[in-house]
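Asker: just a sequence and a predicted model for now, questions to come.
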Amino acid sequence: MWSWPTLRKRCQHQDDLLPCFARPPTTLPTYTSLHNMIKLQSQSWTEDIFSTDSKSRLSWPGVGHLTSTVEIAKILLSRDHRLSITFLIIHPPNNGPSVSSITSSMIYDRLHYLDVPKEESDSIVSINGFMESKKPAVRKIVSELTESQSVSGPRLAGFVIDMFCTAMIDVATELGVPSYAYYTSGASFLALLLHVQKLCDYEGLDVADFKDSDEELSLPGFSNKIPARLLPSAAFDKERGFSKAFNRMARELRRTEGILVNSFIELESHAVQSMGLDPSVPPIYSVGPVVNTNSRTDFIKLDQETEITEWLDCHPPASVVFLCFGSMGAFGSDQVKEIARGLETSGLRFLWSLRRPPSSQTLFAPTEDYEDFSKVLPEGFLERTAGVGQVIGWAPQTAVLGHPSVGGFVSHCGWNSILESLWFGVPLATWPLYAEQQFNAFEAVKETGIGVEISLDYRIEMGKPGSDKAVLVRAEQIARGIRQVMEKESEVRKKVKLMMEKCREAVVQGGSSYNYLQQFMKDLRKNIGMPLETS
C-alpha cells in the first residue's frame with residue numbers, strides 16, 4: 001500500500017488512477033477463455049456469482065438495484081464475447097412486486113434469468129438470516145449449472161455479491177472461487193460504511209446512539225463534518241436489527257477480492273482515496289456512472305411517455321423543474337399540499353410525478369398512481385397551473401431528464417437518480433426520504449456542489465412510503481429551493497455541466513471507469529488462474 005504522499009503524486013495523471021486505487025500496477029497477459037459469471041438477483045436483496053460463461057445476481061430493495069445490476073452486466077458482456085451472465089432471482093417470502101415485467105424488458109444476448117424456488121418456511125427475521133437460509137438453494141443451483149457443463153467448456157469463475165448478500169461469500173469459498181461485490185450506492189457511502197464498522201469494532205462506538213443527535217462527525221476524505229442525524233436510517237434501527245446488519249455488511253465486504261462501485265473517480269476521488277489507504281479494504285473499482293437510459297419497463301407505458309415528452313416539447317429549454325421521488329417516494333396529504341403551494345409560489349413551469357402510498361402493507365411495496373389528483377391537491381390547483389404545470393403519475397425519469405426543456409430536478413437523492421442527473425447535466429434540489437439518501441444529499445450540496453438544498457434531513461420510515469412523520473417542509477422553503485435550482489448561471493449549474501462532461505468521458509475507451517473495468521476483468525482472470533493466451 002502506498003503512502004499518502006506517493007499516492008497523491010501518482011494520481012496526478014489519469015493513467016495512474018487504476019493502479020492507485022485498484023491494485024499495484026502489473027502487466028497482465030490476456031487469456032484464451034473467460035469463465036462463466038453467475039449473478040443472483042432477488043426482489044429484496046442482491047448478490048452476484050461469476051462463472052466462465054455465465055453470471056448471476058440478487059437485488060434489494062427494488063428496481064433501482066436491479067436495473068443498475070443489469071446495466072453493469074451488459075457492459076461486462078460487451079467487453080468479452082466469450083462471457084455470458086445468469087441472474088438468479090430470489091423472491092422474498094412476502095408477496096412483493098414481481099420483477100418479471102422488468103426482466104422481460106431487459107433481454108440481452110448471453111444474459112439469462114433463473115428463479116430460486118420459494119419455500120413455505122421462508123420468513124424474514126433479518127436480512128442476513130434470510131440470506132443465510134438461501135445458501136443451500138443457491139449452492140445447489142450453481143453446482144448443477146457447473147456440473148452440467150463439459151470439462152472443456154466454461155467453468156465457475158466466482159461470485160459477485162450485493163451488499164445485502166454477503167452471506168453468499170461462504171458459498172463461493174466452499175466452491176473454491178473468489179467473491180466480488182457490486183455496490184450500487186456511491187463510493188462515499190461505502191467509505192462511510194467501512195469507517196463506521198471500524199469505529200464500532202475498535203473503539204466501541206455505536207452510531208445508533210447518535211440518532212436525533214446534534215453531534216457532527218469527521219469522515220475520512222470529507223472536507224466538511226457531517227451531522228450524525230444524516231447517517232442512514234439503518235444505522236439507527238436497533239429494533240429490527242439493521243444497525244448490527246450495517247456493521248456486519250462492512251465486515252463481510254472486506255472479505256471480497258474487490259468491490260465494483262457505481263461511481264466515477266472524478267466525482268468521488270475523496271472517498272476512493274480514503275479507502276485506498278486502508279490495507280484491510282479490497283481493491284475498489286469505480287466503474288460508473290452505470291446509467292439505464294431506457295426508463296420504460298414495459299410497452300404499456302409507451303403512450304404515457306409519449307404524452308409526457310410531447311408536453312415538454314411545448315416549453316423553452318431549461319425552463320421546467322421536474323419533481324420525482326423514486327419507486328417508494330410518496331407523501332402524506334399535508335405534505336402534498338405544501339408541495340403544490342410551493343410550486344405555485346415559485347411561478348415556474350413544472351412536471352410533478354405524484355404517487356400515492358401503496359395499498360399493500362408489504363414492506364418495500366412500490367408506490368402507485370392516483371386515480372384522481374384533485375382529491376389530494378389543493379382545491380383549484382390543477383386549473384390554476386394548467387398553463388405552466390403538469391401533474392403525472394409514473395414518470396420515465398431518464399427520458400424526462402434528457403429532455404432539453406428540463407432545467408432542474410427535485411429528487412429524493414437515490415444514488416441512481418443522482419447519477420442520471422449528472423449524465424444529463426440537470427442540477428439537483430435535494431429532498432431525501434430514507435436509507436442513505438440524507439447522506440447522499442449532504443454530499444451533493446456540501447461536498448461536490450452539484451445540488452441545492454430543499455432539505456437534508458427529511459426522513460420517512462424506511463420501506464413504508466407515505467409514512468412521513470417528519471416536520472413538514474413548508475411551501476416557502478420548497479419555492480426557494482426550486483428557484484435556486486433553476487437559476488440559469490448558478491455555480492451549481494456550471495459544476496453539474498462540468499460533471500456531465502467528466503462522467504461521459506469516464507465510461508468511454510481511455511476513461512477512468514473504462515480502465516477500472518478493464519483492470520477488474522484482468523484481476524478476475526488472474527484470481528481464477530486462467531491459462532495464458534499467446535499474442
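Answerer: Cool, got the structure. If you're wondering where the values come from, they're calculated on a predicted model, not measured in any experiment. Residues are numbered from 1 along each chain as shown.

Asker: I'd like to know how many residues surround residue 420.
Answerer: 23 (other CB atoms under 10 Å). Heads up, the C-betas are built off the backbone N, CA and C, glycines and all.

Asker: can you check the one 5 residues further on too?
Answerer: By other CB under 10 Å, the residues close to residue 425 number 20.

Asker: equivalent analysis for the one 10 residues further on, please.
Answerer: Here the count is done by other CB under 10 Å, and residue 435 has 23 residues near it.

Asker: so where's the stretch 351-500 of the chain shaky on pLDDT?
Answerer: 360-366, 462-470 (pLDDT under 70).

Asker: before we move on, what about the chain?
Answerer: 1-64, 92-106, 120-126, 149-154, 239-241, 295-301, 360-366, 462-470, 530-535.

Asker: got the domain boundaries for it?
Answerer: The chain resolves into domains spanning 8-23+186-286, 36-184, 299-499 when parsed by automatic domain parsing.

Asker: got the contact list for residue 355?
Answerer: 325, 329-330, 367-370, 393-394, 465 (CB atoms under 8 Å, 6 or more residues apart in numbering).

Asker: how does it look with 6 Å?
Answerer: Each residue near residue 355 by CB atoms under 6 Å, 6 or more residues apart in numbering is listed here: 330, 367.

Asker: again, but for residue 455
Answerer: By CB under 6 Å, 6+ apart, the neighbours of residue 455 are 431, 473.

Asker: can you tell me how far it is from residue 87?
Answerer: 36 Å (CB to CB, to the nearest Å).

Asker: also residue 221?
Answerer: The separation that residue 221 has from residue 87, given CB to CB, amounts to 33 Å.

Asker: in terms of neighbours, single out the busier of the two.
Answerer: Between residue 221 and residue 87, residue 87 has the larger neighbour count (other CB under 10 Å), namely 32 against 20.

Asker: ok but the more buried one is inside a helix, no?
Answerer: No: going by DSSP: H, G, I helix; E, B strand; the rest coil, the assignment for residue 87 is strand, not a helix.

Asker: surely it and residue 113 touch.
Answerer: Yes: with contact defined as CB atoms under 6 Å, residue 87 counts as touching residue 113 (4.7 Å).

Asker: count of neighbours near the closest residue to residue 163 other than its chain neighbours?
Answerer: If the residues on either side of it in the chain are set aside, residue 163 comes closest to residue 249, at 5.4 Å by CB to CB, 6 or more residues apart in numbering. Using other CB under 10 Å, the number of residues around residue 249 comes to 22.

Asker: how close does residue 142 sit to residue 358?
Answerer: 34 Å.

Asker: looking at these two, which one has more neighbours?
Answerer: With neighbours defined as other CB under 10 Å, residue 142 and residue 358 compare such that residue 142 has more, 26 against 18.

Asker: any buried residues in the host helix or strand of that one, and which?
Answerer: Secondary structure assignment for residue 142, by DSSP states H and E: helix 135-147. Residues 138-139, 141-142, 145-146 are the ones in helix 135-147 that count as buried (16 or more other CB atoms under 10 Å).

Asker: who's in contact with residue 139?
Answerer: So residue 139 contacts residue 171 (CB under 6 Å, 6+ apart).

Asker: which other residues reach whichever strand or helix holds residue 335?
Answerer: Counting by DSSP H and E, the element that carries residue 335 is helix 333-346. With CB under 6 Å, 6+ apart as the test, helix 333-346 has contacts from 350, 376-378, 381, 472, 474-475, 478-479, 482-483.

Asker: rewinding a little: isn't the residue nearest to residue 163 up against residue 164?
Answerer: No: Residue 249 is beyond contact range of residue 164, at 7.3 Å (criterion: CB under 6 Å).

Asker: can you give me phi and psi for residue 158?
Answerer: phi 150, psi 180 (degrees, to the nearest 10).

Asker: in CSV: the contacts of helix 333-346, plus neighbour count and secondary structure.
Answerer: Below are the contacts of helix 333-346 laid out as CSV (neighbours: other CB atoms under 10 Å; DSSP: H, G, I helix; E, B strand; the rest coil):
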residue, neighbour count, secondary structure
350, 24, strand
376, 17, coil
377, 21, coil
378, 14, coil
381, 19, helix
472, 15, coil
474, 13, coil
475, 18, helix
478, 25, helix
479, 20, helix
482, 24, helix
483, 17, helix
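
Asker: one step back: just the closest of the buried residues of helix 135-147 to residue 178, please.
Answerer: residue 142 (13.9 Å; CB to CB).

Asker: count of neighbours near the closest residue to residue 436 other than its chain neighbours?
Answerer: Residue nearest to residue 436 in three dimensions, not counting chain neighbours: residue 232, with 4.3 Å by CB to CB, 6+ apart. By other CB under 10 Å, the residues close to residue 232 number 24.

Asker: ends of stretch 251-264, how far apart?
Answerer: 24 Å (CA to CA, to the nearest Å).

Asker: try stretch 357-374
Answerer: Counting by CA to CA, the terminal residues of stretch 357-374 are separated by 16 Å.

Asker: how about residue 377: what's its closest non-neighbour residue?
Answerer: Closest to residue 377 by CB to CB, 6+ apart is residue 340, at 5.2 Å.
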